[in-house]
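Trainee: Give me the fold of what follows.
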Amino acid sequence: MITCFKKFCLPLVVFLTGACVLIIEVVAIRILSPYYGNTLFTVSSVISIILAALSVGYYWGGRLADQYPTEKVFYSIILISGFSIILLYLLRLFLLPVIGYRLSITAGPLIIALLLFFLPSLLLGTLSPFAIKLQTQYFPEKGIGSITGKIFFWSTVGSIFGSLLAGFVLIPQFEINEIVIAVAVMLIALGACPLIKKNAYQKINFNIILFSIVGLFFVIVLAQVKNNHVVYSRDGVYEKITIYDGQYAEKSTRFLLLDRSASAAMFLDSDELVFDYTKYNVLYKVFKPEVKRILVIGGGAYSIPKTLLKALPNATIDVSEIEPSLYPLAQRYFNVKKTERLNNYTIDGRRFLHDTDKKYDFIVGDAYYSLYSIPAHLTTQDFLKLVRDKLTPDGLFIANLIGDLSPQKPSLILSEIKTFQSVFPNSYFFAVHNPHSIDVQNIIFVGYNSDKKIDFTNSKIINHNDPIIRSLKEKMIRLDQFNFSQYPILTDNFSPVEYLTSRMLQRNVID
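Mentor: Next up, the predicted model:
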């Protein structure tokens with residue numbers, strides 16, 4: 001019986017600890033994304049730091065196993081790794097909000113990943129070589145090669161299980177804090193129980209565990225204290241979702257925050273659109289007044305679909321929003337009414353365009369990740385060709401990007417303008433605040449699937465009753481001031497959106 005237990009116990013332990021490593025790795029990206037965005041810099045930093053920590057752990061664990069090849073040391077490391085996860089939790093709770101926003105989106109993820117995730121990953125990395133050493137002591141007749149293969153097999157299978165569990169079950173169903181605490185508790189229990197059973201360090205273990213449980217209880221209670229202005233806060237499938245009430249333009253306003261970025265807002269006492277860039281969707285009145293079928297890529301708080309439904313009583317609107325919780329949240333918190341004229345699809349916008357057979361009179365692109373960055377696959381020439389193919393012969397495409405008009409290379413906005421013109425020869429670009437400014441602002445891209453040119457000096461436009469339409473001439477960007485030969489066209493094969501965004505942020509010193 002004891003032999004059977006020893007045969008299967010260590011593989012089970014490395015399976016569980018391997019799962020913990022990948023759960024922490026997946027969760028790490030979600031921990032950092034509110035501060036640095038869900039970008040390549042964040043993902044690369046997390047993967048690099050955890051791999052580096054595991055490498056050091058493998059090396060150190062092998063040496064430690066040769067010097068102290070006992071179960072007591074093995075399970076003590078698991079116990080300590082659980083406490084290191086508690087330390088991670090505390091750093092996330094108290095340190096990250098203080099220094100997170102002070103670091104750049106390029107170096108910040110690397111520094112914070114090192115502070116938060118290196119130690120737990122290092123400790124967990126020591127376990128595989130340690131388990132190999134213990135198994136060779138228990139079953140020397142099996143051979144080192146066979147035992148090594150078995151331990152790494154179960155450790156890797158555990159990692160696969162942990163990755164799938166985090167992505168498909170834990171993050172969609174639980175808050176990040178709950179997941180981190182659960183991993184810590186499991187590791188503490190996994191490490192402490194064998195030690196207590198063997199009467200090793202019993203008094204110390206009981207005191208440490210009791211102190212930790214009491215301390216963790218108070219920390220959790222403290223963490224659950226809500227700001228009275230926050231009406232909703234939870235991790236979505238793709239980002240942290242926060243809804244809170246505040247002030248904007250001296251009016252009571254409800255905001256939707258996705259990770260670090262204010263994605264949408266609604267005045268609590270008015271139907272007026274809050275952000276100026278959302279008001280540019282009235283441009284359909286200039287290009288195609290008779291709109292019947294609309295597609296909005298990126299729902300957010302569904303402010304744009306809600307406004308268009310009211311303005312166009314005969315139109316139907318499809319919305320492609322990849323975050324599944326946003327549509328019910330918009331209904332609950334942003335006065336979006338359920339109607340047969342609004343069809344919501346929980347799917348990536350580009351995939352929706354590829355799969356649908358519909359043609360649209362009007363397509364709106366407003367799908368953002370955190371920190372002003374849109375998904376790279378929604379910026380490319382290939383994507384824009386797909387959009388053009390789904391427009392009616394005189395259909396209209398309007399997209400909103402955030403960037404600057406500095407001619408300094410590289411430039412996301414100027415590369416995107418060049419890309420846009422390669423697909424929509426009849427295109428127009430407007431700076432929401434000032435076309436002569438090089439500060440960060442919303443830039444409106446308009447692609448008209450028609451040869452008909454629009455004259456914005458026309459009296460019907462400059463005397464229009466809508467102030468946005470009246471201002472189009474002043475807001476139009478003069479493209480002849482730029483040398484577009486120095487900016488690359490963005491394609492599926494080359495679209496470094498995160499890098500271009502980071503350079504823009506560095507130019508404008510945005511914290």
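Trainee: part of a helix, is Ser406?
Mentor: No - the assignment for Ser406 is coil, going by DSSP: H, G, I helix; E, B strand; the rest coil, so no helix is present there.
Trainee: Could you double-check that Pro305 lies in contact with Val336?
Mentor: Yes - counting by CB atoms under 8 Å, Pro305 does reach Val336; the two are 7.5 Å apart. Bear in mind the C-beta positions are built from the backbone N, C-alpha and C, glycine included.
Trainee: Which of these two has more residues huddled nearby?
Mentor: Pro305 (28 against 24; other CB atoms under 10 Å).
Trainee: Packing partners of the helix or strand hosting the more buried one?
Mentor: Taking DSSP states H and E as the criterion, Pro305 maps to helix 303-311. Here helix 303-311 touches strand 261-267, strand 293-297, strand 316-320, going by 3 or more CB pairs under 8 Å, 6 or more residues apart in numbering; DSSP states H and E.
Trainee: Any stretches of the stretch 101-250 of the chain with poor pLDDT?
Mentor: 195-228 (pLDDT under 70).
Trainee: Also the chain?
Mentor: In the chain (pLDDT under 70), the answer is 1-7, 195-228, 260, 369-373, 509-511.
Trainee: tell me the domain boundaries of it?
Mentor: 2-223, 275-508 (automatic domain parsing).
Trainee: Put together JSON lines for those, with distance to Tyr248 on each row.
Mentor: Supplementary listing: the domains of the chain in JSON lines, determined by distance: least, CB to CB, whole Å:
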{"stretch": "domain 2-223", "distance to Tyr248": "20"}
{"stretch": "domain 275-508", "distance to Tyr248": "9"}
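Trainee: Which among the helices and strands packed on helix 303-311 is found nearest to Gln441?
Mentor: The minimum distance between Gln441 and these falls on strand 261-267, with 14.5 Å, by CB to CB.
Trainee: Dump the very next helix or strand once past that closest one to PDB, restricted to CA.
Mentor: Proceeding N to C from strand 261-267, the next assigned helix or strand is helix 284-287, under DSSP H and E. C-alpha atoms of helix 284-287 as PDB (Å, rounded to 0.1, in the frame of the first residue of the first chain):
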ATOM      1  CA  TYR A 284     -24.200  59.000 -42.700                       C
ATOM      2  CA  LYS A 285     -26.500  62.000 -43.200                       C
ATOM      3  CA  VAL A 286     -23.900  63.500 -45.600                       C
ATOM      4  CA  PHE A 287     -22.900  60.300 -47.400                       C
END
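Trainee: quick check, distance from helix 284-287 to the centre of its chain.
Mentor: Centre-to-centre, helix 284-287 and its host chain are 34 Å apart (CA atoms, centre = their mean, to the nearest Å).
Trainee: count of neighbours near Ser406?
Mentor: 17.
Trainee: Give the helix, strand or coil label for the spatially closest residue to it that is not a sequence neighbour.
Mentor: Using CB to CB, 6 or more residues apart in numbering and skipping the chain neighbours, the partner closest in space to Ser406 is Ile438 (4.2 Å). Classification of Ile438 using three-state DSSP returns coil.
Trainee: which other helices and strands contact the lengthiest helix in the chain?
Mentor: Counting by DSSP state H, the longest helix found in the chain is helix 2-36. The elements that helix 2-36 packs onto, with contact taken as 3+ CB pairs under 8 Å, 6+ apart, are helix 40-67, helix 71-90, helix 108-125, helix 127-138, helix 144-165, helix 171-173, helix 176-197, strand 240-248.
Trainee: If the residue nearest to Tyr327 when sequence neighbours are not counted is in a bridge, with which residues?
Mentor: Excluding its sequence neighbours, the residue lying closest to Tyr327 (CB to CB, 6+ apart) is Asn344, at 4.7 Å. Beta-bridge pairing of Asn344 under DSSP bridges involves Val319.
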